[in-house]
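**Student:** here is my input; please provide its structure:
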Amino acid sequence: MSTQRYSVTPHPVETLLTWVKSGEIAIPEIQRPFVWEATKVRNLLDSLYQGYPVGYLIAWRNPTVKLKDGSTSMGKRILIDGQQRVTALMASLLGVEVLTDDYETRTIQIAFNPQEETFEVANPAIRKDVAWLPDVSKVFEPATGVYQLVTDYCKANPNCSQDSIFKVIEKLRGITHNHVGIIELAEDLDIETVTEIFIRVNSAGSPLSQADFAMSKIAVNTTYAGNMLRKAIDYFCHLAIAPEFLAKIKKGDSAFVATEFYDQIKWIANVNDDIYDPAYTDMLRVAFTSEFGRGKLQDLVALLSGRNFETKQYEEAIAEESFAKLKKGILAFVNKTHFDRITMILRSAGFVISDLIGSQNTINFAYIIYLRGRAENVPAAELEHIVRRWFVMSMLRGRYSGSPESTFDFDIRQIGSRGVKEYVESIIPNELPDSFWTGMLPQFMDTSSIGSPYFRCYQAAQIKLGDKGFLSRDISVTDLLLNRADVHHVFPKKYLKDDGKTRGVYNQIANFVIAQSEINIAIGAKAPSIYFAELADQVSGGEMKYGGITNPNELLANFRMNCIPESMLVGEVVDYPLFLEERRKLMALKLKNWFETL
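**Tutor:** Below is the predicted model of the structure:
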């Protein structure tokens, strides 16, 4: 018995292009930027001309769907690998415009020299050179007569043989008869299997995520305006990082501007805040999980296809309902009030710059909790409190690190059955008991990763609590971080390096403070025993060397803000390992105090 889950069929390039034009094969990425360099397009045509293989295309047929009237509809093929190659062929052979990275349309002109039988990217010099046909797509136009084309060419190039040029042009036109293999995957395959096949067949090994499959399903659906929903997702993400793109949408996509989506997303172009710049994966996760109560994007792909999880059949009514729910979720995501509120909640916890947020999925689930809380009519102030605490707990515990889908799925199902408030209030004490702050967290902080969630949260805590920079009288940690201040070492790096300490030792996060650069420069590579003694002298009427603090109580307060052991001021500069151990405990207690204010 055969276990083969696919078929491989060679098809002429000409047939392939006809299928794409007619919609028999849907290219989900046709509205996404064409990222190939023009030289790659040239090389593809040259390979076809030389009769070389150009790789397989992978298509996955949408399942056959049961329509409302009881009849069935055969699904289209979706091209999941080979999109750039097919787009390149359409651009070069048919003259179809492509979208660039800037979402601008342009043509790709590949020139052909019939005498040398070479291809080149058209440029001003080639266009002036009569030896070149500057745009091969003209050769393939139905109205082009080969005889006239050869006659005109040979008039301009009198030294060439009309017969030989005619043969070359016929060979060129013949590349549309060359075959390309299409691997068609069985319609009943699940996404994991399709992904695995894709990775094994695709020599480049580019990962295809379940979000990519979902976007493909959305993009090729015109019945429920999936193509416009897809653009809304893409455009929102692009506008968040490139606001000037709004003018290009207005100018170049009147069909989208006429939809309700345009008015819902255009506000993001006026936002300078980069705390949460979502990618399409983030938008899909939040919209799907909050609206459908599921966490696995493979379920979204199945639902958009019309899958009935009970009967295992595919039904048009389920596809229609799923597109409506997803649209509702996306509109909730891009709603200005909602989006402003989630970023405000993050800011209110101390996360005022994007550098302090290491995990997009941690924000994503915080946003899901916010949207679900609104749907459950949780009072605004209470909801903000819940979201802040969940976000920080998730960061400190790495709840959504690694593969988040199963955790998303577990959490949202629990929220669905118990409600946001009850679930959050039951989880947080279990995840962050007293022993976490006094025992586990100091151990977790034994790291040299400046990007660790513990150091990010520590900085957010200093911001929220209004702490001053190390040895600063007036400059706050907030001011320093907003001005991209660097972290500095309490035990100077050079001092420790000269003592033979390695990078992983001198760059411990417990050795880091946020300080003004002039204070750091003044400290230089001095031994702590020296500069702490000079600090003690400074606050006793001695010479001002480090910052503007002249009062012993102010200095002790600054030490407490920055979790520096107070004993260091009275000459008890302990050795480096003991300092790190003591400071980790103080930093962990600061994080506990901060969490209690959220």
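**Student:** per-domain residue ranges of this protein.
**Tutor:** As assigned by automatic domain parsing, the chain contains the domains 6-201, 215-432, 442-597.
**Student:** among those, which is nearest Ser209?
**Tutor:** Among those, domain 215-432 comes nearest to Ser209, with 6.6 Å by C-beta to C-beta. C-beta coordinates here come from the backbone N, C-alpha and C atoms, glycine included.
**Student:** straight-line length of that closest one, end to end?
**Tutor:** Domain 215-432 has an end-to-end distance of 37 Å (C-alpha to C-alpha, to the nearest Å).
**Student:** quick one: average pLDDT of it?
**Tutor:** Averaged across domain 215-432, the pLDDT comes to 93.
**Student:** try stretch 511-522
**Tutor:** On average, stretch 511-522 scores 93.
**Student:** who touches that stretch?
**Tutor:** 450, 455, 459, 462, 469-472, 475, 477, 480-481, 485-491, 545-547, 562, 564, 579-580, 583 (C-beta atoms under 8 Å, 6 or more residues apart in numbering).
**Student:** please apply the same query to stretch 382-393.
**Tutor:** With C-beta under 8 Å, 6+ apart as the criterion, stretch 382-393 contacts 341-342, 345-346, 348-349, 362-363, 365-366, 369-370, 373-374, 378, 399, 420-421, 424-425, 427-428, 431-432, 457, 460, 595, 598.
**Student:** what do you get for stretch 239-256?
**Tutor:** Contacts of stretch 239-256 (C-beta under 8 Å, 6+ apart): 102-105, 228, 231-232, 235, 238, 257, 262, 265-266, 268-271, 274, 277-278.
**Student:** and those, which are buried?
**Tutor:** Buried members of the contacts of stretch 239-256, scored by 16 or more other C-beta atoms under 10 Å, are 103, 228, 231-232, 235, 238, 262, 265-266, 268-269, 271, 278.
**Student:** for stretch 272-289, which positions count as buried?
**Tutor:** For stretch 272-289, the neighbour count (16+ other C-beta under 10 Å) marks 273, 275-276, 278, 280-289 as buried.
**Student:** now it, how far from the centre of its chain.
**Tutor:** Counting by C-alpha atoms, centre = their mean, to the nearest Å, stretch 272-289 is centred 8 Å from the centre of its parent chain.
**Student:** could you tell me the end-to-end distance of it?
**Tutor:** End-to-end distance of stretch 272-289 (C-alpha to C-alpha): 27 Å.
**Student:** same check, this time on stretch 442-460
**Tutor:** Chord length of stretch 442-460, first to last residue, is 17 Å (C-alpha to C-alpha).
**Student:** and stretch 253-265, by the same measure?
**Tutor:** 14 Å.
**Student:** show me which positions of it end up buried.
**Tutor:** Neighbour count says stretch 253-265 has Asp253, Phe256, Phe261, Tyr262, Gln264, Ile265 buried, by 16+ other C-beta under 10 Å.
**Student:** mind putting the residues you listed into JSON lines with secondary structure and distance to Glu24?
**Tutor:** Output for these, formatted as JSON lines (DSSP: H, G, I helix; E, B strand; the rest coil; distance: C-beta to C-beta, whole Å):
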{"residue": "Asp253", "secondary structure": "coil", "distance to Glu24": "25"}
{"residue": "Phe256", "secondary structure": "helix", "distance to Glu24": "25"}
{"residue": "Phe261", "secondary structure": "helix", "distance to Glu24": "28"}
{"residue": "Tyr262", "secondary structure": "helix", "distance to Glu24": "30"}
{"residue": "Gln264", "secondary structure": "helix", "distance to Glu24": "33"}
{"residue": "Ile265", "secondary structure": "helix", "distance to Glu24": "32"}
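**Student:** of all pairs in these, which one is the farthest apart?
**Tutor:** Asp253 and Gln264 (14.9 Å).
**Student:** assign a three-state SS to Val352, would you?
**Tutor:** coil (DSSP: H, G, I helix; E, B strand; the rest coil).
**Student:** may I ask which helix or strand encompasses the spatially closest residue to it that is not a sequence neighbour?
**Tutor:** Leaving aside its sequence neighbours, Val352 sits nearest to Ile463 (C-beta to C-beta, 6 or more residues apart in numbering; 5.8 Å). Under the criterion of DSSP states H and E, Ile463 resides in helix 453-464.
**Student:** can you list contacts of that helix?
**Tutor:** 348-352, 355-359, 392, 395-396, 398, 441, 444-445, 447, 449, 476-478, 481, 509, 512, 514, 561-562, 587, 590-591, 593-594, 597-598.
**Student:** check stretch 326-339 too.
**Tutor:** Contacts to stretch 326-339, defined as C-beta under 8 Å, 6+ apart, come from residues 218, 225, 229, 232-233, 236, 261, 264-265, 267-268, 276, 278, 283, 286-288, 290-292, 300, 304, 367, 370-371, 374.
**Student:** find the nearest non-adjacent residue to Asp467, please.
**Tutor:** Of all residues not flanking Asp467 in the chain, Met561 sits nearest, at 4.0 Å (C-beta to C-beta, 6+ apart).
**Student:** buried residues, stretch 47-62. List them.
**Tutor:** For stretch 47-62, the neighbour count (16+ other C-beta under 10 Å) marks Ser47, Leu48, Tyr49, Val54, Gly55, Tyr56, Leu57, Ile58, Ala59, Trp60, Arg61, Asn62 as buried.
**Student:** what do you get for stretch 557-570?
**Tutor:** For stretch 557-570, by 16+ other C-beta under 10 Å, it's Asn558, Phe559, Met561, Asn562, Cys563, Ile564, Pro565, Met568, Leu569.
**Student:** distance to Ser209 for the domains of the chain - can I get that in CSV?
**Tutor:** Shown next, in CSV, are the domains of the chain (distance: least, C-beta to C-beta, whole Å):
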stretch, distance to Ser209
domain 6-201, 8
domain 215-432, 7
domain 442-597, 23
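**Student:** next, the angle helix 453-464 makes with whichever helix in the chain runs longest.
**Tutor:** Longest helix in the chain, counting residues (DSSP state H): helix 576-597. Orientation check (axes from the mean of the first three to the mean of the last three C-alpha atoms, to 10 degrees): helix 576-597 against helix 453-464 gives 60 degrees.
**Student:** quick one: list the elements packing against helix 576-597.
**Tutor:** Packed against helix 576-597 by the contact rule (3 or more C-beta pairs under 8 Å, 6 or more residues apart in numbering; DSSP states H and E) you find helix 380-397, helix 441-444, helix 453-464.
**Student:** cutoff 7 Å now
**Tutor:** If you count contacts as 3 or more C-beta pairs under 7 Å, 6 or more residues apart in numbering; DSSP states H and E, helix 576-597 packs onto helix 441-444, helix 453-464.
**Student:** for the first one, the distance to its chain's centre please.
**Tutor:** Taking C-alpha atoms, centre = their mean, one finds helix 441-444 lying 30 Å from the centre of the chain it belongs to.
**Student:** same question for the last one.
**Tutor:** Its chain's C-alpha centre lies 24 Å from the corresponding centre of helix 453-464 when counted by C-alpha atoms, centre = their mean.
**Student:** could you point out which element follows that helix?
**Tutor:** Assigned by DSSP H and E, the successor of helix 453-464 is helix 477-482.
**Student:** so what secondary structure elements neighbour that following helix?
**Tutor:** Checking 3+ C-beta pairs under 7 Å, 6+ apart, helix 477-482 ends up next to helix 453-464, strand 512-514.
**Student:** if we use 6 Å, what do you get?
**Tutor:** With contacts defined as 3 or more C-beta pairs under 6 Å, 6 or more residues apart in numbering; DSSP states H and E, the packing partners of helix 477-482 are helix 453-464.
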